[in-house]
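Student: Curious how this folds, go ahead:
(one chain, ligands or ions: 1)
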Amino acid sequence: MTNSSVKFITIEGMEGAGKSTNLSYVIDFFQQRGIEFAATREPGGTEISEKIRHLLLEHHTETLAPLAELMLIFAARAQHIDKVIKPALDAGQWVICDRFTDATYAYQGEGRQLGGKKVELLERFVQQELQPDLTIILDVPVALSAARVEQRGGELDRFEVEDSDFFQRVRDAYHQRADAAPERYALIDASQPLLKVQAELLGILERLLD
Ligand code: Z5A
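Tutor: Numbers count the residues shown, from 1 in each chain. Next up, the predicted model:
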């Protein structure tokens, strides 16, 4: 029997932490057990939100003001909640989302140094009562995150070009959020070999399905 109080799972962490890799693992886990779910991501998840994602990740000739960045993220989120997250939850499906508002606290609140208050204000306005039931944070040191991104190759997006101080603030913010509400967060040391990360993930998922 499933733990019916948990339906909305988010996966967080810095670039190269292994979110995409481990999201596939979580999806396989749910599929093998015949549990209905919607897998999605932020920024993105709908046609319009994906267009906003491009705007956020692309380089531009003018700089994007941090506040404008924050508003775009919440615009994408409002659309995503309306078109994907709420309908799935209302239909009784689980939702597994690659990043959500914890990323906004970490990247815009601390990385961009806008502070948590502005994020909180928009979070209340856009999400109302909606909060993830479980947030899995894949934690890696900044240097390892950078090394994995470099190893992956390809062009760096507008966030990936930020310096190590930016990413240290992002990482610290994730830790602070996990420490402040341990009942909602599961922090996994994602610098471990993938099999160990997935063994921890499996333990967390099995505990969810009582
Ligand atoms: N953003 C924001 O600022 N505010 C917000 O509110 C939201 C987002 C929602 C795009 O996110 C950007 O949006 C993000 C923050 C911003 N920018 N940054 N930087 P994204 O999640 O779409 O993009 P990303 O963070 O760049 O994800 P990614 O590069 O796809 O990384 P990942 O999914 O975490 O990693 P991966 O692709 O699964 O793995 C990377 C490589 O590491 C790959 O070769 C794997 O095989 C390898 N890997 C993974 N795990 C391991 C282990 N355990 N050992 C060894 N190697 C591993």
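
Student: Would you mind naming what in the chain lies close to the ligand?
Tutor: Residues of the chain that fall close to the ligand, judged by C-beta under 6 Å from any ligand atom: 13, 15-21, 42-43, 73, 98-99, 103-104, 107-108, 148, 152, 159-160, 190, 193-194, 197. (C-beta placed from N, C-alpha, C; glycine too.)

Student: now the strands for the protein?
Tutor: All strands of the chain, identified by DSSP state E, fall at 8-13, 37-41, 94-98, 134-139, 185-189.

Student: From Ala39, how far out is Lys19?
Tutor: 12 Å (C-beta to C-beta, to the nearest Å).

Student: hey, what's in contact with both of those two?
Tutor: Asp98 (C-beta atoms under 8 Å, 6 or more residues apart in numbering).

Student: With neighbour numbers in mind, choose between these two.
Tutor: For Lys19 versus Ala39, neighbours defined as other C-beta atoms under 10 Å are more numerous around Lys19 (21 against 18).

Student: I'd guessed that one sits against Asp102; true?
Tutor: No. Under the criterion of C-beta atoms under 8 Å, Lys19 is not in contact with Asp102, lying 11.9 Å apart.

Student: Now do the shared contacts for those two.
Tutor: Taking C-beta under 8 Å, 6+ apart as the criterion, Lys19 and Asp102 both touch Glu12.

Student: mind giving me CSV with the strands of the chain and columns for mean pLDDT?
Tutor: Output for those, formatted as CSV (pLDDT from 0 to 100):
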stretch, mean pLDDT
strand 8-13, 98
strand 37-41, 98
strand 94-98, 98
strand 134-139, 98
strand 185-189, 98
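
Student: Arg53: which of those strands is closest?
Tutor: Of all these, it is strand 37-41 that lies closest to Arg53, at 8.5 Å by C-beta to C-beta.

Student: And the closest one, what does it pack against?
Tutor: Secondary-structure packing of strand 37-41 (3 or more C-beta pairs under 8 Å, 6 or more residues apart in numbering; DSSP states H and E): helix 19-32, strand 94-98.

Student: That one: how far from the chain's middle?
Tutor: Centroid separation for strand 37-41 versus its chain: 12 Å, with C-alpha atoms, centre = their mean, to the nearest Å.

Student: Neighbouring strands of that strand in the sheet, and parallel or not?
Tutor: Under the criterion DSSP bridges, strand 37-41 sits next to strand 94-98 (parallel) in its sheet.

Student: Would you mark the buried spots in the strand it pairs with?
Tutor: Under the neighbour-count criterion of 16 or more other C-beta atoms under 10 Å, strand 94-98 has Trp94, Val95, Ile96, Cys97, Asp98 buried.

Student: Just the C-alphas of that strand, formatted as CSV.
Tutor: Listed next in CSV are the C-alpha coordinates belonging to strand 94-98 (Å, rounded to 0.1, in the frame of the first residue of the first chain):
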residue,chain,number,x,y,z
TRP,A,94,2.2,11.2,-8.0
VAL,A,95,4.3,14.0,-9.4
ILE,A,96,8.1,13.7,-9.7
CYS,A,97,9.6,17.0,-10.5
ASP,A,98,13.3,17.8,-11.5
